[in-house]
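Asks: kindly generate the corresponding structure for this input.
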Amino acid sequence: GELITKAQVSLFYMYNSERFLKYAKKYLDIDIEQESIKQVQEIAQLRRIDLESQSIHLFSYHVEQAVSEWVKQLYPEDELTFSNSHMAIGVDLIRTTHEGTKIGYEIKYSKSPSNTNFFAELILRRASTIIERYQLNELVYVIAFQSESLANRMKSRIIREKLPEIVSVVFGYIAASDTTEGIKLKFVPL
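Replies: Modelled structure (predicted):
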């Protein structure tokens, strides 16, 4: 609006830094070294990676919230404590029953079938360490997949026979629903 009414501009182009430098060099015949364009490209790439990383962490947070809502619905009388720890090994949520039983939940999200073998190895390798570190009576791995069909396919791939008795795995998928507050994620167990 303002650009058209005050500056009498009928056509306006917007460029990101990288494209502006290329445009200036090509069409305005401005002397811009290729090295400068390359530096701007590298900075733009770092920003994209940073944004992707932030969105992955944000989505993981929402998946954890969806799983915790599911746990709250199943066990409304129990106390839930979120782990503030971002350690390499740890639980995301601890549920304490009124009898004092501590159940830890490690929540994993996967969009890819290739992660399944990784999860199986991770569970077998880390379970006893996590149980000991958090002094848990039980450990539940919640593996949420992108879709129901992927969750069903992957469920059969993880071998449960090797798990200690106090370790269990819950498979499910993340369903999104449009609400008045925006998109809400829900964990749906299989």
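Asks: okay, now E106: neighbour count?
Replies: 22 (other C-beta atoms under 10 Å). Placement of C-beta: from N, CA and C, glycine included.
Asks: and it, what helix or strand is that in?
Replies: Secondary structure here is read from DSSP states H and E; on that basis E106 sits in strand 102-110.
Asks: C-terminal to that strand, what's the next element?
Replies: Towards the C-terminus, the helix or strand next in line after strand 102-110, according to DSSP H and E, is helix 115-134.
Asks: okay, K72: pLDDT?
Replies: K72 carries a pLDDT value of 97.
Asks: nearest residue to it in space, please, no chain neighbours.
Replies: What sits nearest to K72 in space, not counting adjacent residues and going by C-beta to C-beta, 6 or more residues apart in numbering, is L80, at 6.4 Å.
Asks: next SSE downstream of the host helix or strand of that neighbour?
Replies: Here L80 is covered by strand 79-82, with elements defined by DSSP H and E. Reading on from strand 79-82 to the C-terminus, the next helix or strand found by DSSP H and E is strand 93-96.
Asks: in the sheet, who's paired with S177?
Replies: Listed by DSSP bridges, the beta-bridge partners for S177 are K184.
Asks: actually, S168.
Replies: Using DSSP bridges, the bridge partners assigned to S168 are V140.
Asks: which ones are touching it?
Replies: By C-beta atoms under 8 Å, 6 or more residues apart in numbering, the contact list for S168 reads E138, L139, V140, Y141.
Asks: give me the phi and psi for the residue nearest the centre of the chain.
Replies: Among the residues of the chain, S60 comes closest to the average C-alpha position under C-alpha atoms, centre = their mean, at 2.6 Å. When read as degrees, to the nearest 10, the backbone of S60 gives phi -60, psi -40.
Asks: pLDDT score for it?
Replies: As summarised for this prediction, S60 has a pLDDT of 81.
Asks: what do you get for the one 4 residues further on?
Replies: Reading off the confidence values, E64 has pLDDT 90.
Asks: in which helix or strand would I find it?
Replies: With the criterion set as DSSP H and E, the secondary-structure element containing E64 is helix 34-74.
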